[in-house]
Structure formats: C-alpha cells, structure tokens
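Student: the sequence and its predicted three-dimensional model are supplied below.
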Amino acid sequence: MKNHPAITLLLVSVLMIVCSCQTSEGDLVVRQNENPSPEPDTTPSPDSAPEYRTPCVDPLESELPYFIKHNTHPEKTIISVDRILDCSMVPIGAPYAYDEGYQIVRDPEILYHGIPSYYFKMESDARTRVELQSLFVTQADLDEVGLTKQDIQDHIATKTLYHFGKGEAKKGETWSYEYGLYLTEELRTMSGIISQWHGMPDKTTLVTPANDTIYVPHKEFVDDYLSVMYFNEAIGYNKSDDTVNGYIVDAGGNPPMGLKVKNGYLHLVCMIDRARVHSSTKERIHIYPPNNFPESATSPEGNKTVYGLWAQKLSELPVEQWIDMKFVVRWSNFAADGSGVLDEGIVKFYMNGELKVDWTGYIGNNDEHGTYFKYGLYVPESNGLEVRVGDFRQTKIE
C-alpha cells in the first residue's frame, strides 16, 4: 500500500479532535485511505448481523478508514458493546501496536456486500496475532445464564468466561461460515494463518502426576487446586516454591481447521485431536503444500491426525478482487465422558460458488465445548503477513 504521511497526519489530527468525545482515548484513529479504492460492491447487503448480537455498534461513524487500536481478552473479560465490531466480532492480539506495523483497519472505502472491510497487516514475526474473533461474552449473556458475581470471578480465574458467550459451534452441529477474501500480490511470498476455527479447552481437566486423566468440577478446581498451584501454559507449579508439580491442564492445541499461506500456496487443513488433555506445548504436528496434499499425517503419540484438504498456488488465484468464501462444516461428536470420537464430520469448501473440497472424516478436539471462528493474521514469518477480509457470517444448519 502507498502511504501519504502528510495527508494522513492532518486527517488523523482533525478527526481525533472532532471525534474525541465519541471514543476512549487511544482506541481508534481515523486515517486517509492509502490507495485508490476499487469500484464498490453494490450487491445488496444480506442480513448478516447475528440476531443474538444487538445492538450493532460502529465504534466510530466515519467514511474514512480507521485503525482498530484496542484488543480484548474474550476468555476472561466481559465485553462491553462499544468493543463489538459489526455486531459479531472483537479484536484480539496486538492491534494496539499499530504504529509498529501491527494493524487492523476498518475500511468503509473498500466494501464487500456493501459492508466495510478489514485490512490486517503484520510487519514481522515480532508479535503473534492480529485477528477478529467471533466468540465472546457480554453481561447480557451472563445474566441470561444466571451466573453470580462469584461464579464470574471463578471463571475469570480459569479463563473460561467465554464458555458462556455466543458464537460457539457445538460438537455434532453443522455450521456455514461465509466471508469475502481479498488477496494481495505480496501475500505470495508470505506465510501464516489467515483464518482459523479454534477449540475451547476445558481448563479444569487434568493429567495427574500418576498419569491419570481427571475432570475436576469447576468450583472444586478453583477452591482446591488453584489455591495451591498455578499453571504456565499447561504445566502445573506449586505456589509455595514455584516448582513443577507434575500436573498438566487442558490448555488447548492446534486449531481443528485453518486456512493458511505457505510456500506460495493457499491451503486448507483440518485435524482430529483425540486426547482428553491437549496442551499448547505437546504433540504439535503440521503439514504443508506442495507435499502431503491431499494426504494426512499422524503424530508419533497417535492422538492427532492432520489432513491436507486442499491447496492451490497463490499465483493461480485472483488478486486485488473479492473472492466469495464459504465453508460448511459438521463437527465430529465426542463421548460425554471424554473416551473418544463418536462419528465423522464433513467439510465442504466453496470458492466463488465452485466446490473445492467435499471431505468426510474426523474433525475437532476432544473437549466438552466446541469451536469458534477467527480471521486475520496469526504466526507470520519474518517478512510479515497481510490480508483483507469482509462481512463474516456464520449460520447454524439444522
């Protein structure tokens, strides 16, 4: 993108003064668009705002692009409505580092389905993510399920507050996910994840020092375990002397599905994680194109299998124009006691209406909860990562 520093500085200064009464200091900055806009998409806007997310809040009414500068922590925070973007998503990661080249820009000048798009950029691999996430919890959600103040504090302590939010696709359910993807020429030399469907670890399921897997009721976990120990990533430490105590907590793992760029390819992978406790530091497994597609690979321990569903050279895909993306996923169901997967799932992927993937197999994590969607940028390489997306919609299919 071409920069116009003088114009940008002038517009930022003027609009920050005009709009300072509308926003919290340091949250949003309006700026001059950095390149000529393509012809706006005049397709009538679908009813894309989820019914369960009202009211719809635009943090700053503006006809110019502006930085999203705040981040959120949905797993342990009650999200206020002025932090919700387009009714359905919240920013996570490092958008606050916009002046270092880690950016989320809401752009009303480049539209998809008549709706402002989002441009994501990461200058390097110095930070991990700038994304928008579809799962979060509001006070209205907590009121709906009747959590007490103490319940809320306990779930904040275990980083499971978002279990009570909306946007989760539960095990065994079928969901459609749609959005617009706008690829750049520069993306052909970059690497990272640009969309992912993430699991929701239980955070109270443990592997004990005796190597037994146990599920601990939430209140008991807070009172009896967190009172004497803490966890760094998945590893347990005694509070008394900071020594490793042999406990491992369910802290999450690889996303069950991801859309990625690597080696000049855009590619789609999915995964089954059969383990009841999976950590972010154990049993990682990856496959990349052009090898292993559409093949699969299983981890040495046998718990994880990754499937390469589809790959296409970025040089063969259109750039600087919208691509209609649609994914239909039936997530595998797992036994309630954690003993294993019960049935196969499906993945269907359409690009501009053309079916690219029609796959049947095991997909998902062996958790009590299901999955949720994020798009943006995750784990770039040293030369950074960028993408533009627009109008995310997810719909449950009965």
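Tutor: Received the coordinates, thanks.
Student: which stretches of the protein have low pLDDT?
Tutor: 1-61, 279-282 (pLDDT under 70).
Student: remind me, longest strand of it?
Tutor: Ranked by number of residues, the top strand in the chain under DSSP state E is strand 385-397.
Student: direction included, what does that strand pair up with?
Tutor: strand 115-122 (antiparallel), strand 174-182 (antiparallel) (DSSP bridges).
Student: show me where the stretch 101-250 of the chain has helices.
Tutor: 139-145, 149-157, 218-220 (DSSP state H, counting those that start in this stretch).
Student: deepest of those, which one?
Tutor: For the helices of the stretch 101-250 of the chain, the largest average neighbour count (mean count of other Cβ atoms under 10 Å) is found in helix 149-157, namely a mean of 15. Yep, even glycine has a C-beta here, placed from its N, CA and C like the rest.
Student: which residues does that helix contact?
Tutor: 76, 77, 78, 142, 147, 161, 163, 164, 218, 219, 222, 226 (Cβ atoms under 8 Å, 6 or more residues apart in numbering).
Student: the fifth one touches residue 165, doesn't it?
Tutor: No - between residue 147 and residue 165 there is no contact, the gap being 11.9 Å when judged by Cβ atoms under 8 Å.
Student: when those two are compared, which one has more neighbours?
Tutor: Each of residue 147 and residue 165 has its neighbours counted (other Cβ atoms under 10 Å); residue 165 has more, 23 against 17.
Student: pull the contacting residues for the more buried one.
Tutor: Residue 165 neighbours (Cβ under 8 Å, 6+ apart): 74, 135, 136, 137, 138, 141.
Student: which one of those residues is nearest residue 368?
Tutor: Among the contacts of residue 165, residue 135 lies closest to residue 368 (Cβ to Cβ), at 14.7 Å.
Student: now do residue 82 against residue 138, distance only.
Tutor: Note on residue 82: its distance to residue 138, by Cβ to Cβ, to the nearest Å, is 11 Å.
Student: repeat that for residue 323.
Tutor: Counting by Cβ to Cβ - residue 323 and residue 138 are separated by 32 Å.
Student: more neighbours: which of those two?
Tutor: Comparing residue 323 with residue 138 by other Cβ under 10 Å, the one with more neighbours is residue 138, at 19 against 16.
Student: identify the residue nearest the more buried one in space, chain neighbours excluded?
Tutor: Closest residue to residue 138 apart from its sequence neighbours, by Cβ to Cβ, 6 or more residues apart in numbering: residue 79 at 5.5 Å.
Student: wait, that neighbour touches residue 136, no?
Tutor: Yes - Residue 79 sits in contact with residue 136 when judged by Cβ under 8 Å, with a separation of 4.5 Å.
Student: anything in contact with each of these two?
Tutor: Common contacts of residue 79 and residue 136, defined by Cβ under 8 Å, 6+ apart, comprise 72, 90.
Student: tell me which of the two has more neighbours.
Tutor: Per other Cβ under 10 Å, whichever of residue 79 and residue 136 has more neighbours is residue 136, with 26 against 20.
Student: contacting residues for the more buried one?
Tutor: If you count contacts by Cβ under 8 Å, 6+ apart, residue 136 has them with 72, 74, 77, 79, 84, 90, 162, 165, 167.
Student: ok, now residue 387?
Tutor: Contacts of residue 387 were listed using Cβ under 8 Å, 6+ apart, and they are 119, 120, 181, 182, 183, 184, 187, 194, 376, 377.
Student: count residues in the vicinity of the third one, would you?
Tutor: By that I understand residue 181. 22.
Student: thought it was touching residue 389?
Tutor: Yes - using Cβ under 8 Å, residue 181 is in contact with residue 389, at 5.9 Å.
Student: which neighbours do those two share?
Tutor: Residues touching both residue 181 and residue 389 (Cβ under 8 Å, 6+ apart): residue 194.
Student: grab the nearest non-local neighbour of residue 74.
Tutor: In this structure, residue 74 finds its nearest non-sequential neighbour in residue 136, 3.9 Å apart by Cβ to Cβ, 6+ apart.
Student: quick one: the one you found and residue 76, what's the gap?
Tutor: 11 Å.
Student: overlap of the contact sets of these two?
Tutor: When contacts are counted by Cβ under 8 Å, 6+ apart, the set common to residue 136 and residue 76 consists of residue 162.
Student: single out the most deeply packed of the strands paired with strand 385-397.
Tutor: Scoring those by mean neighbour count under mean count of other Cβ under 10 Å gives strand 115-122 as the most buried, with a mean of 24.
Student: alpha carbons of that strand, as PDB, please.
Tutor: Extracted in PDB, the C-alpha atoms of strand 115-122 (Å, rounded to 0.1, in the frame of the first residue of the first chain):
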ATOM      1  CA  ILE A 115     -20.200  -3.600   4.200                       C
ATOM      2  CA  PRO A 116     -16.800  -2.100   5.300                       C
ATOM      3  CA  SER A 117     -13.900  -4.500   5.000                       C
ATOM      4  CA  TYR A 118     -11.000  -5.100   7.400                       C
ATOM      5  CA  TYR A 119      -7.400  -4.900   6.400                       C
ATOM      6  CA  PHE A 120      -4.800  -6.800   8.500                       C
ATOM      7  CA  LYS A 121      -1.100  -6.200   8.500                       C
ATOM      8  CA  MET A 122       1.900  -7.500  10.400                       C
END
